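Asker: Turn this into a structure:
(chains A and B)
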2 protein chains.
Amino acid sequence: MSKKTFLVITVLATIFANLLPVTAQRTRGRRMTRVDLLVVNGTLVTMDKGRRVIEDAGIAVSGGRIVAVGSSRDIVRMYEAPERVDATGKIIIPGLINGHTHIPMTLFRGLADDLDLQDWLTKYIFPAEAKNVSEEFVRAGTRLGLAEMIRGGTTTYCDMYYFEDAIADETAKAGVRGVLGETVIDFPVADNKTHAEAMAYTEKFVKKWKGHELITPAIAPHAPYTVSEEHLKAVRAFSDRTGSPIVTHISETKREVDDSVKAKGVSPIDYLSRIGFLNERVIAAHVVWPSAGEIGILKRAGVGVVHNPQSNMKLASGVSPVPKMLADGLRIGLGTDGAASNNDLSMWEEMDTAAKLHKLFSGDPKVISALEAFELATIRSAEALHMEKEIGSIEKGKRADLVIVERDSLNKIPAYNIYSDLVYATKASDVQTVIINGRVVMRDRRLLTLDEASIKVSARAFRDQVIKSLGGLEAQPK
Amino acid sequence: MSKKTFLVITVLATIFANLLPVTAQRTRGRRMTRVDLLVVNGTLVTMDKGRRVIEDAGIAVSGGRIVAVGSSRDIVRMYEAPERVDATGKIIIPGLINGHTHIPMTLFRGLADDLDLQDWLTKYIFPAEAKNVSEEFVRAGTRLGLAEMIRGGTTTYCDMYYFEDAIADETAKAGVRGVLGETVIDFPVADNKTHAEAMAYTEKFVKKWKGHELITPAIAPHAPYTVSEEHLKAVRAFSDRTGSPIVTHISETKREVDDSVKAKGVSPIDYLSRIGFLNERVIAAHVVWPSAGEIGILKRAGVGVVHNPQSNMKLASGVSPVPKMLADGLRIGLGTDGAASNNDLSMWEEMDTAAKLHKLFSGDPKVISALEAFELATIRSAEALHMEKEIGSIEKGKRADLVIVERDSLNKIPAYNIYSDLVYATKASDVQTVIINGRVVMRDRRLLTLDEASIKVSARAFRDQVIKSLGGLEAQPK
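Answerer: This is a model prediction of the structure:
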């Protein structure tokens, strides 16, 4: 080998070694692998295929991904890192995945409740949106929702709203993972006045964020009854061309189904199938009223379904046939829906409600076990978002989205079964530390990427603006 | 007047003045009334007849009772007290009233979930109770439940369990208000082996606690299907003689109704009416399956009904016709049931679930408004416990059971309507300070009457004992 060849090889090897996220080094006389972050000493609920639960577990994280999972002892013997999270006496779970929300609607939380869906929409939500939704409004609402979600252990969410580019910007800055869908709808809305404008916005939006570590840009046709067949086909073509997920609402109410049958001769899922809209990139929220045949259509098309039990209860929409969809092997996860119809973004309450609702509705207390409810909020929500290879469980190679949960709160004591504890007894307030893509975004209940005080100030300012824009609400204390 | 007469009058006047809970004094040149405690500067949700909400409100408390309610300015001008709670930027509500629980069952929280009712009872709960329930077990479980309830802003609860005298002792020591029912059931249980023993225990128990400021001792025949007609009549006679409330379960499941019709020819409420059991001291939990006629019976008898939506959902018992009972003017409140079938004691989640469940089940999102749900947990629960003259609202003359709630948590921001905020957005973790009978039992989230650390230690020791007594549970992390 010539000197030059040797030099080239040496240089290349050095570059290569530095490119590797994990580099082996000899430290303290023992071969240690240097990584970014270690999480140690917790009870690990992996949600891997074997649903393993590992006591005194450790996780090594590098380049935003999980590089090793094992006993804490092995992990600290094999890996070293500049940052360490000690989970002694706590539970480590995969970050929760909120499969459906409209994040800026946190600013409408409690604006109007206990109303008929039509009154709620036409007298409050639509006018309030028309008069208030701006890019700044969306940014403020997004920051509020992000803070609430992080506090509750949600690390990924799927959104549909306006100014989704601003939502993506705030979400990326806060270090949260999102599948973010820009709304396409057949009437003028805050950010786009025509279908052409919305498609142009989405084109630019998708191009800008595609490939981002945290953000998956998506297109979000509102629903089959608010977007024409022609426009739905254009959305599908866009998705085929760009690979973007399609976020939408399907079969939320009985009325939607009846109207569809009246107008088109078929119910919504059947209709979407016939026009060639459904594919393995569609994420369909609600799906409360599918027929057995339509469940088959969703299954064959590989559509992801997101169940929103609290919103469906509050708006009296109905009970989605979740046990049947689970039995049929659909991709199905869990979401909170927007804070205007829930009224929180807690996946803990959503899991608890999902389990209890389907027991009641089926008359069988065995239906939706605690494990199944926890699956719905983690690995199954990942499947619904078509992201199960990246998130939803704690396994080598997946994104390091990890949540540390207290087991010492009064409401959790004593605990006999870890899934029962997580689903029926744990609250958002029990979440202690949150890591997304290997970055600690909340440590010991302190938010590290968002300024809580300023979030509150701007949320209250927008509330006052909303009240004023509606000509005041009934006299009541704020 | 002789010198002696003058002396006697002076002494009597002095004694009288000192006996008065509120004494007028001249202080700082202005006439101030001296009381025990002032709560000031909060937004006050009174739940009085006019459902008044008072901004910048103050409350004067003396001798365990509310002596004045008004603007904070007026209160601090007219009253002075050695103790003051500043509720600036917070909400003051009447203490929540948990109308039905089995407090020591906190120690069985999560022991067995997702099971048929029969399996749940016969394979887990009954054996676990038979092998573990002792006076010490009951005391430990009660302390755990009391701590959880105080943390969640519950100031009064209605209980049914064994060793109720020990429960009363722990409850009084913790400074919590309770209607505590000693169980009467036709099979041998932990504290009493025969009906005669149970009646003797209850006789002694009621005599001991009757007239206590915090404790209302009660008799608790388990259910019409577990207590014979003769024994139910004896319970009624006992209640007539002692004035004690009667705490019981009625019509919890469809099966109970069907069995009653099969065995007795009538459904449970009809049966209890025929044997002369029902009166205006009865507190009936569940009432999931009453006929329209039976609702009339409950109304005419003045029975208090306690709705337990989360337990009824989790055990797939059914949906109680709460909107109908409200429309018919029944006394009806809200409870959590025991932690083994919920699995928490949070009245916040119970309110939220009650509102959502009945919207869904009736198909009408206007059913059970936020205000109605909040009534169910306060003034209406007081009515269900036949205690509406003493508790359930913040009014002059009532017991000073007051709860201070944060309005600054992310999950509550922004707020447009105070009842919506309380029912749909507030969590147990938002409770900051709790006052019962004029005594501060939690201040700034610090429990003042219970030792949280020792509660946890003993709860975990009993858990280990329970697992051992059942021959171990399925291998799973604790």
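
Asker: C-alpha only now, for contacts and for neighbours.
Answerer: Fine.

Asker: Look up phi and psi at the most centrally placed residue in chain A.
Answerer: The centre of chain A sits closest to A:Tyr157, judged by C-alpha atoms, centre = their mean, with a distance of 1.9 Å. Backbone torsions of A:Tyr157, given as degrees, to the nearest 10, read phi -140, psi 150.

Asker: Bridged to it, which residues?
Answerer: As for beta bridges, A:Tyr157 partners with A:Asn98, A:Gly178 under DSSP bridges.

Asker: That one and A:His100 touch, don't they?
Answerer: Yes - shown here, A:Tyr157 and A:His100 form a contact pair, counting by C-alpha atoms under 8 Å, at 6.8 Å.

Asker: By average pLDDT, which secondary structure element in chain A comes out worst?
Answerer: For chain A, counting by mean pLDDT, DSSP states H and E, strand A:23-27 ranks last in confidence among helices and strands (a mean of 46).

Asker: Tell me which helix or strand comes right after that strand.
Answerer: Note on strand A:23-27: by DSSP states H and E, the next helix or strand toward the C-terminus is strand A:30-34.

Asker: just for the stretch 351-478 of chain A, where's the confidence low?
Answerer: A:474-478 (pLDDT under 70).

Asker: how about the helices in the stretch 301-450 of chain A?
Answerer: For the stretch 301-450 of chain A, the helices defined by DSSP state H, counting those that start in this stretch occupy A:309-314, A:322-327, A:347-362, A:370-377, A:379-384, A:418-420.

Asker: Now do the first one: which elements does it pack against?
Answerer: In terms of contacts (3 or more C-alpha pairs under 8 Å, 6 or more residues apart in numbering or on different chains; DSSP states H and E), helix A:309-314 is packed against helix A:347-362, helix B:347-362.

Asker: Output whichever strand or helix holds A:Ala263 as PDB - backbone C-alpha positions only.
Answerer: Assigned by DSSP H and E, A:Ala263 falls within helix A:254-264. Presented in PDB, the C-alpha positions along helix A:254-264 are these (Å, rounded to 0.1, in the frame of the first residue of the first chain):
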ATOM      1  CA  LYS A 254     -75.500   8.900  11.800                       C
ATOM      2  CA  ARG A 255     -76.700  11.900  10.000                       C
ATOM      3  CA  GLU A 256     -73.500  12.000   7.800                       C
ATOM      4  CA  VAL A 257     -74.300   8.400   6.800                       C
ATOM      5  CA  ASP A 258     -77.900   9.100   6.100                       C
ATOM      6  CA  ASP A 259     -77.100  12.200   4.100                       C
ATOM      7  CA  SER A 260     -74.500  10.300   2.100                       C
ATOM      8  CA  VAL A 261     -77.000   7.600   1.300                       C
ATOM      9  CA  LYS A 262     -79.600  10.200   0.300                       C
ATOM     10  CA  ALA A 263     -77.300  12.300  -1.900                       C
ATOM     11  CA  LYS A 264     -74.900   9.600  -3.300                       C
END
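
Asker: Next, find the distance separating the residue in the stretch 51-200 of chain A that chain B sits nearest to from B:Ser420.
Answerer: Taking C-alpha to the nearest C-alpha, chain B has its nearest neighbour within the stretch 51-200 of chain A at A:Asp114, 4.4 Å off. As judged by C-alpha to C-alpha, to the nearest Å, A:Asp114 and B:Ser420 stand 9 Å apart.

Asker: shared neighbours, those two?
Answerer: Both A:Asp114 and B:Ser420 are in contact with B:Ala370, where contact means C-alpha atoms under 8 Å, 6 or more residues apart in numbering or on different chains.

Asker: which bits of the stretch 201-350 of chain A sit near chain B?
Answerer: Applying C-alpha under 8 Å from any C-alpha of the partner chain, one finds that the stretch 201-350 of chain A approaches chain B through A:Gln310, A:Asn312, A:Met313, A:Lys314, A:Leu315, A:Ala316, A:Ser317, A:Gly318, A:Asn342, A:Asn343, A:Asp344, A:Leu345.

Asker: Tally up the residues packed near the first one, please.
Answerer: Here the neighbour count serves as a burial measure; for A:Gln310 (other C-alpha atoms under 10 Å in any protein chain shown) it reads 28.

Asker: residues contacting A:Thr426?
Answerer: By C-alpha under 8 Å, 6+ apart, A:Thr426 lies in contact with A:Trp348, A:Asn411, A:Lys412.

Asker: Repeat the analysis, applying 6 Å as the threshold.
Answerer: Residues near A:Thr426 by C-alpha atoms under 6 Å, 6 or more residues apart in numbering or on different chains: none.

Asker: What pLDDT does the model give A:Cys119?
Answerer: Cys isn't right for residue A:119; it's Asp. At A:Asp119, the pLDDT value in this model is 88.
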